[in-house]
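>>> quick one, what's the 3D model for this:
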Amino acid sequence: MSLAWSNSSLAQDPVITLQLPEASLCIGQKYLASFTSNVNSEAYLVHISDQNGSFTSSLTVAAATGFIGRQSGTIEVIIPDNVVSGGNYRLRAVAAVSNFLTMPGRPSSPVTVRSAPPVQIIIASGSNIICPGQAVVLQAMTRATDVTWSNGATGPTITVTNPGNYAAQTQGEGCARTSNNIEISSGLFSQGINITVNGALALCEGKSVEMSVPLAAGLTYQWRRNGQNVGIVNSNSLRVQQLPGEYDVVISSPCGSITTPKLLVSLKAIVPPPTVNRTEITRCGPGTLNLVASGGVEGNYRWFDDDFNQLASGGSRFTTPSISRSGNVYVALEEFGCLSQRIRIGVQVNPATMQADAGPDVSVIQGEQVQMEAKGQLLANNAIVATANTESGFRYQWTPSNGLSNPTLANPLASPLETITYTVTVRDANGCEARDEVTVTVRHELKVPNGFSPNADGINDTWEIGNMDTQPDAQVTVFDRWGHQVFASVGYQQPWDGTFQSRTLPQDVYFYVITYQNGRARLKGQLNIIR
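Residues are numbered from 1 along each chain as shown. Predicted coordinates:
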C-alpha cells in the first residue's frame, strides 16, 4: 500500500511514500512501516482518518525524528485504543518540514482496523502487598470469554500467592489485546538492612550527616536516637546535626518489623579561630592587600572571599587578588578536617584618587630613541591638587621593560625593536595608583626595488616594496616618462602589477614618489618594467 503527496507549485514536487506490512491492522499492535521521501524533513508523522475517511479530526499513530539528510527509513505505527474497529479508515504520511510547514501525503486506500476485546484487570480482593499465607484475587474486566494471564492461567479471575507483575490478554478478530499491569509486592524484607551514611559520623561544628535506608512501597520507618523516636514520621532518611548518640531505624511492613544495627554519631573538638591585627582596612583605589593572621599552625590557615569561596590555604600571610570594591575577606583555621569560625576583615575601597597619563602614541624609526612623557595627577573632590611628571612625590613603573632605559622613571628613553604597547603605573605615598597605556610604533626603512618583470612566470611579477607593512599611511605614486600618473595608492596592501586601468603597460622606465612617516619622509626614484 503506497501513500504519496505532491504539490506542483513547488520547484520539485515532494513525494512521500509509506509501505505498511499489512492492509488490515490490529488495535494496539505495533507495525514497522518503511518510507521513502524526497523532502528534506527532520520529522515525520503518520495520521489515521475517522471512520468516514476524513482527516478533519485525524489521530497521530506514529511519530519519528532524526531524518535530516536521509531519504528513507522506518516508522513504528501503533493503532491507538480510541480507534473503533471497522469503518472506512485511511492513512497518510506527513513531513514536518518546520514549526509552521507540514507536507501531508495522499490518503491511502481504505484500511481495515480489527480489535480483540479490550481488557482491564483490578484487584478484586486483598492487597498489592502480600505476606506468607496470604492471597490476592485479580479479575479481568472484559466482554471476552477467553482470557489468558501472564502467568499462564486462564479464566476471568486468578488467585495470586506469589509476588510479581501480572497482566491479562484477550483474542479476537485475529488480534490480541493486553491489559494494564498490576505489581504484587512481598511484605517481607531482607533481615540485613543497614543504614547508609552520606558524610562523616564524627561531626565538625556546624556540620551534619545524612543517614538513609532503602525506600520501598508498603514499608513504614521510625528513626530513633538512644532508643527515643526522632526525625520526620515515616521518612526513610534522617539528617543529624550537633546531636551525638546511637541511631537506628525500625522498619515495619504488614508482615512484621526489623530494627537496623546502630550507628554512633560523635562530635569533634571545636577548633579555636585565628586572630588578626586589623579587622578594618581602608585602601585608595583598586589593588592588592597583604593580610596577616595568627593563633594557629602554619599550613592550617584558610582564606575566603565575601561569598566564602576559598581563596588560598596554607600560611598565615596572604596577598589578596586585586580588590576593586568594598567587601570582606575571611580567615579560619582547619584542624582534623574541621574548620573554625571565620574571622572577618572588612575592606573599604575608596574611589581612585590618582590619574595616569602615559602620553600620546608615538612612532620611531627602528634604531632611534624616543622619550616617554608620563605624568600623574592627584585628585581631591574631582579637582587636581598635585601633578608630577618627575619622580617627586610619585612612583612610576613601566611594563614591559623591553627597550626602556629605566622602567622606574617618569620619562625613560624608549628604543624598542618592534611595535610595542607600554603600561605605566603611577603610585603615591598612600598607595593610590592608576595606569595608562601608550603604543610606540616601530617603523622600518623601506626597501624599494628599481624594477620588476610582470611576465606571469611567478618571479618578480609585482613591485614588492619591503617593510611597507610598517608604513600603513604611505602614499605611493608612479608616473610614466611623460609625467602621466599610472598608479597611486594610500598604503600598499596590493603590490602594483604593472597595469594601468586594466591594461598592460609596456617595458620602459617609470618614476615613483613614496611619501611616508606621516608626510615627514619622501623617496623618489626610477622603476624599470622588464618584459
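>>> going forward, measure contacts and count neighbours with C-alpha atoms only.
Noted.
>>> centre-most residue in the chain?
residue 309 (21.6 Å; CA atoms, centre = their mean).
>>> top strand in the chain by residue count?
strand 433-443 (DSSP state E).
>>> about what we covered before: any idea how far residue 290 is from the residue nearest to the centre of the chain?
18 Å (CA to CA, to the nearest Å).
>>> and if you look at residue 403?
In terms of CA to CA, residue 403 sits 32 Å off from residue 290.
>>> more neighbours, these two?
Comparing residue 403 with residue 290 by other CA atoms under 10 Å, the one with more neighbours is residue 403, at 16 against 9.
>>> for the more buried one, which non-adjacent residue is closest in space?
residue 416 (4.4 Å; CA to CA, 6 or more residues apart in numbering).
>>> ok, the one you found touching residue 405?
No: counting by CA atoms under 8 Å, residue 416 stays clear of residue 405, with 10.3 Å between them.
>>> of the two, which one has the most company?
residue 416 (21 against 15).
>>> any idea how far the residue nearest to the centre of the chain is from residue 329?
According to CA to CA, residue 309 and residue 329 sit 10 Å apart.
>>> residue 395 too?
Distance of residue 395 to residue 329, computed by CA to CA: 28 Å.
>>> what does residue 224 give?
42 Å.
>>> report how many residues lie close to the residue lying closest to residue 66 once chain neighbours are set aside.
The shortest distance from residue 66 to any non-neighbouring residue, by CA to CA, 6+ apart, is to residue 42 (5.4 Å). Neighbours of residue 42 under the rule other CA under 10 Å: 16.
>>> contacting residues for residue 42?
Residues counted as contacts of residue 42 (CA atoms under 8 Å, 6 or more residues apart in numbering) are 65-68, 96-97.
>>> between these, which is closest to residue 457?
residue 68 (48.5 Å; CA to CA).
>>> from memory the closest one sits against residue 37, does it?
No: Residue 68 is not in contact with residue 37 according to CA under 8 Å; the separation is 11.3 Å.
>>> which of those two has more neighbours?
residue 37 (18 against 12).
>>> in the sheet, who's paired with that one?
For residue 37, the beta-bridge partners are residue 16 (DSSP bridges).
>>> what's the pLDDT at it?
What the model reports as pLDDT for residue 37 is 87.
>>> do the same with residue 434
85.
>>> quick check: the gap between the nearest residue to residue 304 once chain neighbours are set aside and residue 63.
Distance criterion CA to CA, 6+ apart; nearest residue to residue 304, sequence neighbours excluded, is residue 310 at 4.3 Å. Distance, residue 310 to residue 63, by CA to CA: 51 Å.
>>> what's the answer for residue 152, then?
Applying CA to CA to residue 152 and residue 63 gives a distance of 34 Å.
>>> the two: which has the busier surroundings?
residue 63 (16 against 7).
>>> tell me if I am right that that one is in a helix.
No: counting by DSSP: H, G, I helix; E, B strand; the rest coil, residue 63 is not found in a helix; it is strand.
>>> contacting residues for it?
43-46, 75-76.
>>> quick one: which of these is nearest to residue 515?
residue 43 (64.7 Å).
>>> who are the neighbours in contact with the closest one?
63-68, 95-97.
>>> ok, and the closest non-adjacent residue to it?
residue 65 (4.2 Å).
>>> distance of the one you found from residue 42?
6 Å.
>>> now residue 485
61 Å.
>>> same check on residue 63?
11 Å.
>>> what do you get for residue 335?
59 Å.
>>> got it, and residue 505?
Distance from residue 505 to residue 42, counting by CA to CA: 58 Å.
>>> how about residue 330?
From residue 330 to residue 42 the distance is 55 Å (CA to CA).
>>> and residue 78, by the same measure?
The value you get for residue 78 to residue 42, if CA to CA is used, is 21 Å.
>>> same question, residue 314
Per CA to CA, residue 314 is found 57 Å from residue 42.
>>> one step back: paired strands for the longest strand of the chain, with orientation please.
strand 362-365 (parallel), strand 420-427 (antiparallel).
>>> how far out from the middle of the chain is the shortest one?
Relative to the centre of its chain, strand 362-365 is centred 45 Å away, using CA atoms, centre = their mean, to the nearest Å.
>>> and for the last one?
The offset between the C-alpha centroid of strand 420-427 and the centroid of the whole chain comes to 37 Å, using CA atoms, centre = their mean.
>>> can you offset everything so residue one is 18?
Yes, from this point I'll number from 18; that puts the last item at strand 437-444.
>>> so for that strand, what's the average pLDDT?
Across strand 437-444, pLDDT averages out at 93.
>>> between the two ends of stretch 91-102, how far is it?
Start and end residues of stretch 91-102 are separated by 25 Å (CA to CA).
>>> next: stretch 255-267.
13 Å.
>>> burial measure for residue 295, as a count.
12.
>>> what helix or strand is it located in?
For residue 295, there is no helix or strand it lies in under DSSP states H and E.
>>> hmm, residue 282 and residue 263 touching each other?
Yes: contact criterion CA under 8 Å: residue 263 and residue 282 qualify, at 6.3 Å.
>>> contacting residues for residue 230?
By CA under 8 Å, 6+ apart, the contact list for residue 230 reads 210-213, 253-254.
>>> can you check the pLDDT for the residue sitting furthest away from the middle of the chain?
What lies farthest from the middle of the chain is residue 499; by CA atoms, centre = their mean that is 67.2 Å. Here, the pLDDT recorded for residue 499 equals 93.
>>> and it, how far from residue 518?
Distance from residue 499 to residue 518, counting by CA to CA: 17 Å.
>>> what about residue 40, how many neighbours?
12.
>>> my read: it touches residue 126, true?
No: contact between residue 40 and residue 126 fails when scored by CA under 8 Å: they sit 9.0 Å apart.
>>> now residue 493: closest residue in space that isn't a chain neighbour?
residue 531 (4.6 Å).
>>> partners of that neighbour in the sheet?
Going by DSSP bridges, residue 531 forms beta bridges with residue 493, residue 540.
>>> thought residue 491 was touching it, still the case?
Yes: using CA under 8 Å, residue 531 is in contact with residue 491, at 6.8 Å.
>>> start to end distance for stretch 243-257?
First residue to last in stretch 243-257 (CA to CA) measures 13 Å.
>>> give me the buried positions along that stretch.
Neighbour-count burial for stretch 243-257, counted by 16 or more other CA atoms under 10 Å, picks out 247-248, 252-255, 257.
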